[in-house]
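1. Quick one, fold the following:
(one chain, ligands or ions: 1)
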Amino acid sequence: MNHQYIPYGRQEITENDIDEVIEVLKSDFLTQGPKVPLFEQTVAKYLGVNFAIALNSATSALHVACLALGLGENDYLWTSPNTFVASANCGLYCGAKIDFVDIDADTYNLCPIELERKLKLAKIHNKLPKIVIPVHFAGQSCDMKKIKELSLEYGFKIIEDASHAIGGKYLGLPVGGCQYSDITVFSFHPVKIITTAEGGVATTNDKKLAQKMEILRSHGITRDESFMTKESDGGWYYQQVSLGFNYRMTEMQAALGISQFKRLDEYVAARHVLQTRYDELLSELPIKIPKQTLSSYSALHLYPIQIEFQSIGKSKKQIFDELRDLGIGVNVHYIPVHTQPFYEELGFKLGDFPNSENYYSRVISIPIYQSMTFEMQDQVISALKRVLQS
Ligand SMILES: *Cc1c(COP(=O)(O)O)cnc(C)c1O
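-> Prediction:
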């Protein structure tokens, strides 16, 4: 059989996407032009949120979000161990201390019960977090209602890491509307739902936070006299008011984003068709499929399956390699962040967050993306059957 390699995720670029980028290349502005604000308006309108700030990555978005919320030395930031390292690194960039809240064994998201237990303890020891970052793993929203309740009781801020979740909903409303958080962050890396190559967005309903993030994105510099501490010298004048960065998105990226955004709903719907089909066709295999909660309409960035490797008599590495050899681009999401050597140096160790570790020992992400055909999906399923049953 002459099959093509099927990655776990892949962007789709249309002729219209290409035309829009080329148009920018021929225009006057490659950066700091009209496309970035237009992209921001597109995103904000779709999500029903007051402000959207485009950045060159979700990692940058997480960083400026933490700074805008005043995270600094002696503060704690808590997140899920079942995430990409960026969700925790942003706290370290600000000099804060990191801790993790173990996941729920069914949703693989930060567990609100565990969060409450940990908050009670932290209160006694005077170590309450300043920021909690729930991560909407695989595109499925965390229990934001409960997390928001806890934030009011214990006084922490919330940044939703929705890198997987653009196009998803929670309790009927788009993730990113910030009904239950201070700031929400999205990623447009090519493996995510829609892409700007590299790129991210931070959304908020709070004007002050939006202004802070906007200034931090561009060197901490402003041309707006209302932010200046001394009088303008003239029309050329700008003033640095904080220590910012160059985290700007380019015009080409924004143009690609605007064009991609038009197909967002279609993309998420296509992922749902694939998910339903996987759920059915994988039901007879010795695996656990990902649970979909009623409160969430997942963006379905990932389709992680859990395998009892001991009972099938093969190791995870063996199954992974066999699937790769059959042209299936499986991957693993995620190595628990606290088990990374860099985090072990900070004092974390294996055993600290057992749900995320157990999950990791069993999980493999199988391919799911909008342009994946049923034929490709059948190829994935038959490869899985072959390696699990041989
Ligand atoms: C991809 C991802 C990020 C980082 O996104 P970039 O845009 O690549 O910086 C952060 N958090 C999670 C959960 C991600 O999946």
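2. Let's verify the residue of the stretch 201-350 of the chain found nearest the ligand: helix, strand, or coil?
-> Ranked by CB to the nearest ligand atom, the top residue of the stretch 201-350 of the chain for proximity to the ligand is residue 301, at 7.5 Å. No exception for glycine: its C-beta is placed from N, CA and C like everyone else's. At residue 301, secondary structure determined by DSSP: H, G, I helix; E, B strand; the rest coil is coil.
3. just the one 3 residues further on next, same as before
-> Reducing the assignment to helix, strand or coil with three-state DSSP, the entry for residue 304 is strand.
4. Surely it touches residue 288?
-> No - Residue 304 lies out of contact with residue 288 (CB atoms under 8 Å); the separation is 9.3 Å.
5. Please identify which of the two sits among more neighbours.
-> residue 304 (23 against 15; other CB atoms under 10 Å).
6. list the contacts for that one?
-> Contact partners of residue 304, counting by CB atoms under 8 Å, 6 or more residues apart in numbering, are 108, 138, 290, 333, 363-366.
7. Highest neighbour count among the residues you listed?
-> residue 108 (27 neighbours).
8. What sits closest to that residue if chain neighbours are left out?
-> residue 137 (5.0 Å; CB to CB, 6 or more residues apart in numbering).
9. Could you list which of the contacts of residue 304 belong to helices?
-> Among the contacts of residue 304, DSSP state H puts none in helices.
10. Among the residues you listed, give me the pair with the biggest separation.
-> Farthest pair in the contacts of residue 304 (CB to CB) is 108 and 366. Separation: 14.9 Å.
11. partner residues bridging residue 133?
-> residue 79 (DSSP bridges).
12. For the residue nearest to residue 27 when sequence neighbours are not counted, grab phi and psi.
-> Nearest residue to residue 27, sequence neighbours excluded (CB to CB, 6+ apart): residue 33, at 7.0 Å. When quoted as degrees, to the nearest 10, the phi and psi of residue 33 stand at phi -110, psi -150.
13. quick one: residue 33 from residue 249, how far?
-> Residue 33 is 11 Å from residue 249, where distance means CB to CB, to the nearest Å.
14. Those two - which one has more neighbours?
-> Comparing residue 33 with residue 249 by other CB under 10 Å, the one with more neighbours is residue 249, at 28 against 16.
15. ok, and the closest non-adjacent residue to the more buried one?
-> Nearest residue to residue 249, sequence neighbours excluded (CB to CB, 6+ apart): residue 54, at 4.3 Å.
16. my guess is residue 86 contacts residue 61, does it?
-> No - using CB under 8 Å, residue 86 is not in contact with residue 61, being 9.5 Å away.
17. So the two - more neighbours on which side?
-> The neighbour comparison of residue 86 against residue 61 (other CB under 10 Å) goes to residue 61, with 31 against 24.
18. what does the helix or strand where that one lies contact?
-> Taking DSSP states H and E as the definition, residue 61 sits inside helix 58-68. Helix 58-68 is contacted from outside by 53, 55, 77, 86-87, 89-91, 93-94, 96, 131, 133, 159, 161, 163, 183, 185-189, 200-202, 209, 212-213, 216-217, 245, 247, using CB under 8 Å, 6+ apart.
19. Those residues in strands, which ones?
-> Among those, DSSP state E puts 53, 55, 77, 131, 133, 159, 161, 183, 185-187, 200-202 in strands.
20. Can you tell me which of the residues you listed is nearest the ligand?
-> Nearest to the ligand, judged by CB to the nearest ligand atom, of the ones in strands among the contacts of helix 58-68 is residue 187 at 3.4 Å.
21. from the contacts of helix 58-68, which are also near the ligand?
-> On the criterion CB under 6 Å from any ligand atom, 86-87, 161, 163, 187, 189, 200 are the entries of the contacts of helix 58-68 that sit beside the ligand.
22. Switch the residues you listed over to TSV, and while doing so, append distance to residue 237 and pLDDT to every line.
-> Below are these laid out as TSV (distance: CB to CB, whole Å; pLDDT from 0 to 100):
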residue	distance to residue 237	pLDDT
86	36	98
87	38	98
161	37	99
163	37	98
187	35	98
189	37	98
200	30	98
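23. show me the contacts for residue 191.
-> Contacts here follow CB under 8 Å, 6+ apart; on that basis residue 191 touches 8-11, 301.
24. for the helix or strand harbouring residue 20, the distance to its chain's centre please.
-> According to DSSP H and E, residue 20 maps onto helix 15-25. Mean-position distance between helix 15-25 and its chain equals 26 Å (CA atoms, centre = their mean, to the nearest Å).
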